[in-house]
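Colleague: Here is a sequence together with a model predicted from it:
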Amino acid sequence: MKQSKVGFWLFLLPSLLAFTIVVLIPAIWGLGYSLTDWNGISHNVHFVGFQNYKTIFLGDKDFLHAFLFTTLFSFCAVIFINVVGFALALLVTSKVKCSTFMRTVFFMPNLIGGILLGFIWQFIFIQGFGAISKITGIQGFSNWLSDTTTSFWGLLILITWQLSGYMMIIYIAYIQSISNDLIEAAQIDGANYIQRLRKIVIPLVRPAFTIGMFLSLSTCFKLYDQNLALTNGGPYNSTEMLALNIYNTAFKYNDLGLAQAKAVIFLIAVATIGLIQLYFNKKKEAEM
Amino acid sequence: MKITKKWLACIVACMMVCTAFVGCGKSDDSKKASDVDSTTKGDNNAVVSEDSSTDLEGTLDIFQFKVEINDALKAATEKYMKLHPGVKVNLETVGGGDDYGAALRTKMQNSDQPDIYNIGGPQDVKDWNDNLEDLSSEEWIPNVVNGLLDDVSKDSKVFGMPMAIEGYGFIYNKGIFEAAGIDAESLKTFDEIDAAFGKLKEKIDNGDLKDQYQVLEAVIEYPAKEKWVTGMHTSNVAFGQEFANCTEAYNAKELEFTYSNELKDLVDLQVKYTTNADNPSGLNAVDYSMQAGGGLAIERVAVIQQGNWVYPVIKEIDENIADNLGVIPIPLKGVSEGNTPIGVPMYWAVNSQSDDNSKAIAKDFLNWLYQSDEGKNIVIDEFNFIPPFTNYGDLKPADPVGAEISQAATEGTIAPWVFNGCPTSWAENVLGAEIQAYLAGNKTWDEVIDTAKESWKDARK
């Protein structure tokens, strides 16, 4: 018995060490900086207590806007990514031709870096859509990234395109693990495709929804490079998401203390939302 | 069976722990190795400083932001290394204002601090105070163009060497204006320019220039997406009139924005002659590359509001067009017409935290680059810089844009260049963003100006 306890701690030690060094210590360090007025350069740092937090809660409109924008964006993106991802998974696990090839194609965008993706889509939205609008005369296609609403949709399209392939892989794994007996039995009972989907497939891949939604939610909340490359917060900072706002506070406005305080709030918000969502999804799984 | 499994587990765990420690041990070793390196380097330095009369020896780390000159500067450092075989120069370039600032900050937190880096103006002088070497006893000081050191001087110390003079205005394609029968060289006042642009627009819309310039579709392109173009350069024409230099702007608690209406006229003038004139919000998606490379360089537009730094960009695409460019002074209606804003974009600074040997090399290198005959040629021909020094004699920028701006500098038909003295990020992220909101129809001009003034006051509290 004693031996196994030693073994337990020995096993845990490496990851515990790594976690402490790269997560725990920097987090505590950052918490400390959020209570100072450090500008990122100077050697004399003053302790200002909760002043930075006060500034944020009492009137940082930009941060509030970024927060709301990010929340709205993440909410929409989670739905889009997972619906599209799941649909793609259904498509490539059905008996269509060249489904392996399609899997590769759908997964491909995920292999391209966020900055590059941003610039590719910037080109599509500005030049590509611009050309379409010129040829067809449809005004709806012009100036996508210069308008708040269409910029929002632009970001959403971009992230859905990038992440749904990844989610697809997760869903494929779960869909393939469903025993054929169940499906066949249902077929014999006369259940049509929709009924089979609703009563058998979706309940059985529910754990995958937990993973997919959690992954996409946290990714969207922390989105930075796509945001930077596609809109860079424009027009007039209306599409500035949280990570970009924090970066700008730190390195454009030289207010590292304030940025750190924002980052702490960000961390708490992401953790809370993530945990709540995990809790509800898990609960649903248990009901099964 | 169970026991063996347990043992196996223990062994594996031990191995993992060991590897973890091995990892640490290695990094320790490498640290030690680098320590040794630096100590030997230190010894070398000591040796060198004993007989420094022979030649300089050591390494020089340069960290600079001007991407455009990266290759030419690299070549220059190689020339310098040939002259001083004992010196090893490392050049690192990170482009763009913000990226450079962030990268410099990380660099300075590390042990491998650069010996030479760039600073922008009074704010940087204050921020980097601990890392700035006093350069006031350098040889080149008396040769600097009058007034260019004001923004990097404090308590009779000088902390920066001006990199170049830059200036901006309406850069135009001479060929198109000639074809339209407009004499662009005489254009001075706002109304004259407005009339000339109007005449050109009419000709373009009528298709009079279609034969010669097939893709020409508008008089001007205005990239509101680039907040530095609107918030810094266009706006500087107006708020610059309130201050003599960056330092004055830097010390100002409030901005009056006396000429806000004239600024509106200037913005509207540029909007009016773009393809997006009917729907100005579209300009918020127009960027620098669409304006310069995809605009002026392919003769899609005839004019852009830019500075002499676009010359190499245009030249890369079409040399004939690049060599046929001119500058119309950017006007502030009824206030300052026929004047070109001129200033120093960035300064070279020497890191005071570097060891004495590196500092000596750094100072010698800068002096060589800007004051030796070989260096002067590099600055003019390779960097395409307008020299910020008076002792360049007959050496003048070969490119027509640089030459015209250089001429404006010598003639004194210049306007202030003060945006480096604005509150941190104010010009771009407040004023530039507000102008986007104005173009999108989201805010009135008065709201734009009020927000900008308010934000200036807040930042200076």
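Modeller: Okay, I see it. Numbers count the residues shown, from 1 in each chain, chains lettered A, B, ... in the order given.
Colleague: For chain A, what lies in contact range of chain B?
Modeller: Contacts of chain A with chain B, taken as CB under 8 Å from any CB of the partner chain, map to A:3-4, A:6-7, A:10-11, A:13-14, A:17, A:39-43, A:125-126, A:142-148, A:234-237, A:248, A:250-254. C-beta: built from backbone N, CA, C; applies to glycine.
Colleague: which of these count as buried?
Modeller: Buried by 16 or more other CB atoms under 10 Å in any protein chain shown: A:7, A:10-11, A:14, A:39-42, A:125-126, A:142-148, A:234-237, A:248, A:250-254, out of these.
Colleague: From A:Ile120, how far off is A:Thr219?
Modeller: A:Thr219 sits 19 Å away from A:Ile120, going by CB to CB, to the nearest Å.
Colleague: do B:Lys272 as well
Modeller: Distance, B:Lys272 to A:Ile120, by CB to CB: 33 Å.
Colleague: do A:Gln226 as well
Modeller: Separation of A:Gln226 from A:Ile120 (CB to CB): 11 Å.
Colleague: Kindly report the same for B:Leu209.
Modeller: Distance from B:Leu209 to A:Ile120, by CB to CB: 35 Å.
Colleague: what's the answer for B:Gln371, then?
Modeller: 46 Å.
Colleague: Then B:Phe63 would be within a strand, right?
Modeller: Yes: if the criterion is DSSP: H, G, I helix; E, B strand; the rest coil, then B:Phe63 is within a strand.
Colleague: these two touch, right, it and B:Leu104?
Modeller: Yes: using CB atoms under 8 Å, B:Phe63 makes contact with B:Leu104 at a distance of 6.6 Å.
Colleague: Quick check: neighbours shared by those two?
Modeller: Shared contacts of B:Phe63 and B:Leu104, defined by CB atoms under 8 Å, 6 or more residues apart in numbering or on different chains, are found at B:94, B:114, B:117-118.
Colleague: most neighbours, which of those?
Modeller: Counting neighbours by other CB atoms under 10 Å in any protein chain shown, B:Tyr117 leads the shared contacts of B:Phe63 and B:Leu104 with 27 neighbours.
Colleague: How about that one: what's its closest non-neighbour residue?
Modeller: B:Phe63 (4.8 Å; CB to CB, 6 or more residues apart in numbering or on different chains).
Colleague: Give me the residue ranges of chain A where confidence is low.
Modeller: Residues of chain A meeting the criterion pLDDT under 70: A:1-3, A:285-288.
Colleague: Skipping its backbone neighbours, what lies nearest A:Ile175 in space?
Modeller: A:Ile175 sits nearest to A:Thr93 (CB to CB, 6+ apart), 4.9 Å away.
Colleague: what's the burial count for the closest residue to B:Glu226 other than its chain neighbours?
Modeller: Spatial nearest neighbour of B:Glu226, chain neighbours left out: B:Tyr288 (5.1 Å); criterion: CB to CB, 6+ apart. Neighbourhood size, B:Tyr288 [other CB under 10 Å]: 18.
Colleague: Look at B:Tyr288 and report its pLDDT.
Modeller: The model reports B:Tyr288 with a pLDDT of 89.
Colleague: hang on, the earlier thing: looking at A:Gln226 and A:Ile120, which has the bigger crowd around it?
Modeller: Between A:Gln226 and A:Ile120, A:Gln226 has the larger neighbour count (other CB under 10 Å), namely 22 against 17.
Colleague: Pull out the buried positions in the helix or strand encompassing that one.
Modeller: Assigned by DSSP states H and E, A:Gln226 belongs to helix A:225-230. Across helix A:225-230, burial judged by 16+ other CB under 10 Å covers A:226-230.
Colleague: Check those residues against B:Val144 and report the nearest one.
Modeller: Nearest to B:Val144 out of the buried residues of helix A:225-230 is A:Leu228 (CB to CB; 37.8 Å).
Colleague: Roughly how far does the closest one sit from chain B?
Modeller: 11 Å (CB to the nearest CB, to the nearest Å).
Colleague: out of everything not next to it in sequence, what's closest to that residue?
Modeller: A:Leu244 (6.1 Å).
Colleague: Which other helices and strands does the host helix or strand of that neighbour contact?
Modeller: Using DSSP H and E, A:Leu244 falls within helix A:242-251. Using 3 or more CB pairs under 8 Å, 6 or more residues apart in numbering or on different chains; DSSP states H and E, the elements in contact with helix A:242-251 are helix A:61-93, helix A:225-230, helix A:256-287, helix B:97-109.
Colleague: any idea how far the shortest one is from the chain center?
Modeller: Between the mean C-alpha point of helix A:225-230 and the mean C-alpha point of its chain there is a distance of 13 Å (CA atoms, centre = their mean, to the nearest Å).
Colleague: Over to stretch B:153-163?
Modeller: 18 Å.
Colleague: likewise stretch B:340-349?
Modeller: Centroid separation for stretch B:340-349 versus its chain: 8 Å, with CA atoms, centre = their mean.
Colleague: try stretch B:452-459
Modeller: 24 Å.
Colleague: quick check, it touching chain A?
Modeller: No: taking CB under 8 Å from any CB as the criterion, stretch B:452-459 and chain A are apart, separated by no less than 8.7 Å.
Colleague: Mind listing what's buried along that stretch?
Modeller: B:452-453, B:455-456.
Colleague: Restricted to helices, list those.
Modeller: B:452-453, B:455-456 (DSSP state H).
Colleague: Nearest to chain A among the residues you listed?
Modeller: Here the nearest of these to chain A, counting by CB to the nearest CB, is B:Ser455; it sits at 10.9 Å.
Colleague: show me what contacts that closest one?
Modeller: B:423, B:426, B:430.
Colleague: A:Gly257 now?
Modeller: Neighbouring residues of A:Gly257 by CB under 8 Å, 6+ apart: A:33-39, A:48, A:52.
Colleague: Which residue, neighbours along the chain excluded, lies closest to residue 263?
Modeller: Just going to use chain A. Using CB to CB, 6+ apart and skipping the chain neighbours, the partner closest in space to A:Ala263 is A:Ile246 (5.4 Å).
Colleague: my bad, chain B
Modeller: Counting by CB to CB, 6+ apart, B:Leu263 lies nearest to B:Ala238, which is 3.7 Å off, once chain neighbours are set aside.
Colleague: just B:Phe243 next, same as before
Modeller: On the basis of CB to CB, 6+ apart, the spatially nearest residue to B:Phe243 that is not a chain neighbour turns out to be B:Ala249, at 4.3 Å.
Colleague: Which residues of the stretch 101-250 of chain B lie near chain A?
Modeller: Counting by CB under 8 Å from any CB, the stretch 101-250 of chain B sits next to chain A at B:101-102, B:105, B:108, B:127-130, B:225, B:227.
Colleague: Which of the residues you listed ranks first by neighbour count?
Modeller: Neighbour counts for those, by other CB under 10 Å, peak at B:Lys227, which reaches 26 neighbours.
Colleague: Quick check on the residue lying closest to that one once chain neighbours are set aside: phi, psi?
Modeller: Distances taken as CB to CB, 6+ apart put B:Gly432 closest to B:Lys227, at 2.7 Å, once the chain neighbours are dropped. B:Gly432 adopts backbone torsions of phi -60, psi -40, taken as degrees, to the nearest 10.
Colleague: Please read off the pLDDT at B:Gly432 from the model.
Modeller: 92.
Colleague: now do the one 10 residues further on
Modeller: On the pLDDT scale, B:Asn442 is placed at 88.
Colleague: So what does it look like in phi/psi?
Modeller: Dihedral angles (degrees, to the nearest 10) for B:Asn442: phi -90, psi -20.
Colleague: I figured it hits A:Asn237, correct?
Modeller: No: with contact defined as CB under 8 Å, B:Asn442 does not count as touching A:Asn237 (11.4 Å).
Colleague: rewinding a little: what packs against the host helix or strand of the residue nearest to B:Leu263?
Modeller: Using DSSP H and E, B:Ala238 maps to helix B:235-239. For helix B:235-239, the packing partners by 3+ CB pairs under 8 Å, 6+ apart come out as helix B:260-272.
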